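J.: Build me a model:
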Amino acid sequence: MTAAKYDVLGIGNAIFDVLVQTDEGFLSQHGMTKGGMALIDEARAASIYRDMGPATEMSGGSAANTIVGLANLGARAAYVGKVRDDQIGRLYTHDIRAAGVAFETKAAADGPATGCSYILVTPDGERTMNTYLGAAQDLGPSDIDAAEVAASSFVYLEGYLWDPKNAKDAFVKASTIAHDAGRKVALTLSDSFCVDRYRGEFLDLMRNGTVDLVFANEAELHSLYQTSDFEGALKQLRADAGLGIVTRSEKGCVVAAADGVTAVPAFPIEKIVDTTGAGDLFAAGFLFGLVRGAGFEAAGRLGALAAAEVIQHIGARPQVSLKEMAQQNGLPV
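T.: Numbers count the residues shown, from 1 in each chain. Sure thing, here's the model as predicted:
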């Protein structure tokens, strides 16, 4: 196997994040399900934006957040996602490259505007997302560069990609190229509502080996197996996935492998401000641990550290050097 050019290549919906702190009244006024992710059209996006207060804006998207976290830790990271050649698309491109990520996907010359997610953060730190996919849903197989995929130790895919048909095809193409090159493919289930839509297909991806490792939180795991029995669902995950990593908020995470389960505690924090990106950054730390050849426990601790940093401020991107934080806590970098 040739040496990898990139440690991790992420493929996902390139979404520009618009974050605002608000209250439960705003959610009910707009008929939103607290803590969920709803896909919206351009008209609803405009009405939410019109009613929002002052916002924090930055490039986002689940897999992109993970890839930026990896770059922050010192990994060689690349990203594939579709934006339109418009003002927000150009902002997105500049932002992710400035974070140290290779981003070469050709912007769309026409069609829908660059995707945006309107993220409402309530005082308890819970985030409610309303996502207009826009140009992101036009990501297709032609955007997958075979050489780039084959040159990446891990390919990381987000469950949200399973919504648009073109992106599904891109997802499967990338997985096939990666496996042909002897690389590994990771999937994050993204959202319990996403799992509700594609439960059978996600299970097929795991069981037929299209993906090698799966990231899920507790809600997604329960949704995947339609059970409230955590231990039973975990047992099923061990049977279905090569490697399953389940995050459990303040209870830390469990790493479910064929030969056993490793529990890793959460990293201590002072105050939860915004849970946006917690799972994304956990995945960044965990994948970084795997890339560096650390064991599951050290990888879990790296994930916990990255997640703890991101939930203590607004936004889904680290605001300090995760690499320095890891070094200070005796973790492998």
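J.: Tell me which stretches of this protein form helices.
T.: For the chain, applying DSSP state H gives helices covering 24-29, 42-51, 62-73, 87-98, 146-150, 165-180, 192-207, 218-225, 230-240, 278-291, 296-310, 322-328.
J.: winner for burial among these?
T.: helix 62-73 (a mean of 30; mean count of other CB atoms under 10 Å). Glycine gets a C-beta too; all of them are placed from N, C-alpha and C.
J.: relative to helix 192-207, how tilted is that one?
T.: For helix 62-73 against helix 192-207, the angle by axes from the mean of the first three to the mean of the last three CA atoms, to 10 degrees is 80 degrees.
J.: shift numbering so it begins at 810
T.: OK, 810 is where the count begins now, so the last one is helix 871-882.
J.: list the helices and strands helix 871-882 packs on?
T.: Packed against helix 871-882 by the contact rule (3 or more CB pairs under 8 Å, 6 or more residues apart in numbering; DSSP states H and E) you find strand 815-820, strand 886-889, helix 896-907, strand 961-967, strand 993-997, helix 1087-1100, helix 1105-1119, helix 1131-1137.
J.: Out of the ones you listed, flag the one nearest residue 843.
T.: Nearest to residue 843, of all the helices and strands packed on helix 871-882, is helix 1087-1100, at 15.9 Å by CB to CB.
J.: Kindly export the closest one (C-alpha atoms) in PDB.
T.: C-alpha atoms of helix 1087-1100 as PDB (Å, rounded to 0.1, in the frame of the first residue of the first chain):
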ATOM      1  CA  ALA A1087     -19.900  18.000  20.000                       C
ATOM      2  CA  GLY A1088     -20.200  14.700  18.000                       C
ATOM      3  CA  ASP A1089     -18.300  16.100  15.100                       C
ATOM      4  CA  LEU A1090     -15.300  17.100  17.200                       C
ATOM      5  CA  PHE A1091     -15.500  13.800  19.200                       C
ATOM      6  CA  ALA A1092     -15.100  12.000  15.900                       C
ATOM      7  CA  ALA A1093     -12.100  14.300  15.000                       C
ATOM      8  CA  GLY A1094     -10.300  13.300  18.200                       C
ATOM      9  CA  PHE A1095     -11.100   9.600  17.900                       C
ATOM     10  CA  LEU A1096     -10.000   9.400  14.300                       C
ATOM     11  CA  PHE A1097      -6.800  11.300  15.100                       C
ATOM     12  CA  GLY A1098      -6.100   8.700  17.800                       C
ATOM     13  CA  LEU A1099      -6.600   5.900  15.300                       C
ATOM     14  CA  VAL A1100      -4.400   7.600  12.700                       C
END
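J.: can you tell which of the helices of the chain is closest to residue 1055?
T.: helix 1027-1034 (5.4 Å).
J.: now the angle from the closest one to helix 1039-1049?
T.: Counting by the same axes, to 10 degrees, helix 1027-1034 lies at 60 degrees to helix 1039-1049.
J.: elements contacting helix 1027-1034?
T.: helix 1001-1016, helix 1039-1049, strand 1052-1056.
J.: got the contact list for that helix?
T.: When contacts are defined by CB atoms under 8 Å, 6 or more residues apart in numbering, helix 1027-1034 is touched by residues 998-1001, 1003-1005, 1008, 1011-1012, 1025, 1037, 1039, 1041-1043, 1045-1046, 1055-1058.
J.: Now do that helix and strand 993-997, the angle between them.
T.: 100 degrees.
J.: quick one: helix 1027-1034 to chain centroid distance?
T.: Counting by CA atoms, centre = their mean, to the nearest Å, helix 1027-1034 is centred 16 Å from the centre of its parent chain.
J.: wait, what's in contact with the closest residue to residue 1024 other than its chain neighbours?
T.: Once flanking residues are discounted, residue 1024 sits nearest to residue 997: 4.2 Å by CB to CB, 6 or more residues apart in numbering. Residues in contact with residue 997 (CB under 8 Å, 6+ apart) are 871-872, 875, 965-968, 1023-1025, 1088-1089, 1092.
J.: give me that answer again for 6 Å
T.: By CB atoms under 6 Å, 6 or more residues apart in numbering, the contact set of residue 997 is 967-968, 1024, 1092.
J.: Same list (the helices and strands packed on helix 871-882) but as CSV, adding distance to residue 984 and mean pLDDT.
T.: Shown next, in CSV, are the helices and strands packed on helix 871-882 (distance: least, CB to CB, whole Å; pLDDT from 0 to 100):
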stretch, distance to residue 984, mean pLDDT
strand 815-820, 10, 98
strand 886-889, 13, 98
helix 896-907, 23, 96
strand 961-967, 7, 98
strand 993-997, 5, 98
helix 1087-1100, 16, 97
helix 1105-1119, 22, 98
helix 1131-1137, 28, 97
